[in-house]
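A.B. asks: Quick one, structure for this:
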Amino acid sequence: MPAYSVFHTRVICPSCGREIAYRGGQTAFCWGRSKFHYFARGDAIEWLHDTRKEIVPPFTWYRKRGWLWQSDAEFNFGSPTYPDLIAFDPEISVQAPESRVCPSCRSRYDHIAVMIREGRLIEVKVFEEGEIADTIGPLVPFAETVLIRADGTYEPRPDWNDPPMSTLES
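C.D. replies: Numbering: from 1, shown residues only. Take a look at the predicted model:
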């Protein structure tokens, strides 16, 4: 599903505190309105609405029609009923693990993710080598989205990596 959202912010190495030049500061993630760009920490997740101003159901392609035009199809990845989560950058998965190294201190990392709390972008987190297994558990199969439950435990959602999609038109 190539319709990622993007968080434009610096990616910082947790070991040395220097910037990791990752994709020019554009961390992709799948949550909220597809193809949406966020530019500041604290930005609220944007949700796609239909012509009646209701949130489009999750995983539903939606195309808005006007008098003379029809918009490109968009969708909502997930639902605002889940305000706390970790959204891993799907682009990292195609990189060889040996390439996931801080250029400054040579520390290895497993993954990069967007942290979302109370429906807002908090930070881009770099997971150090082994940190995902130690904190979340083994992600087999890998889940691009991990919900953070109210009690602080994690719920990986690998079923959302490539969910079945429906279609809705206005």
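
A.B. asks: Select the helix or strand of the protein having the lowest average pLDDT value.
C.D. replies: Lowest on mean pLDDT, DSSP states H and E among the helices and strands of the chain sits strand 166-169, with a mean of 79.

A.B. asks: Sheet-wise, list the partners of that one with their directions.
C.D. replies: strand 60-63 (parallel) (DSSP bridges).

A.B. asks: which residues touch whichever helix or strand comes after the strand it pairs with?
C.D. replies: Downstream of strand 60-63, the next assigned helix or strand under DSSP states H and E is strand 76-77. Contacts with strand 76-77, where a contact means Cβ atoms under 8 Å, 6 or more residues apart in numbering, come from 1, 5, 30-34, 47-48, 55-60, 160. All C-beta spots, glycine's among them, are computed from the backbone N, C-alpha and C.

A.B. asks: 10 Å instead?
C.D. replies: By Cβ atoms under 10 Å, 6 or more residues apart in numbering, the list of residues contacting strand 76-77 from outside reads 1, 3-5, 29-34, 36, 45-49, 55-60, 62, 87, 144-145, 160, 163.

A.B. asks: Just the ones of the residues you listed in strands?
C.D. replies: Under the assignment DSSP state E, the contacts of strand 76-77 contribute 5, 29, 32-33, 60, 62, 87, 145 to strands.

A.B. asks: my guess is residue 73 contacts residue 65, does it?
C.D. replies: No: the criterion here is Cβ atoms under 10 Å, and residue 73 misses it with residue 65 at 11.2 Å.

A.B. asks: Comparing those two, which residue is more hemmed in?
C.D. replies: residue 73 (17 against 11; other Cβ atoms under 10 Å).

A.B. asks: Contact partners for the more buried one?
C.D. replies: Residues near residue 73 by Cβ under 10 Å, 6+ apart: 3, 34-35, 60-64, 165, 167-169.

A.B. asks: Same check on residue 166?
C.D. replies: 57-62, 75.
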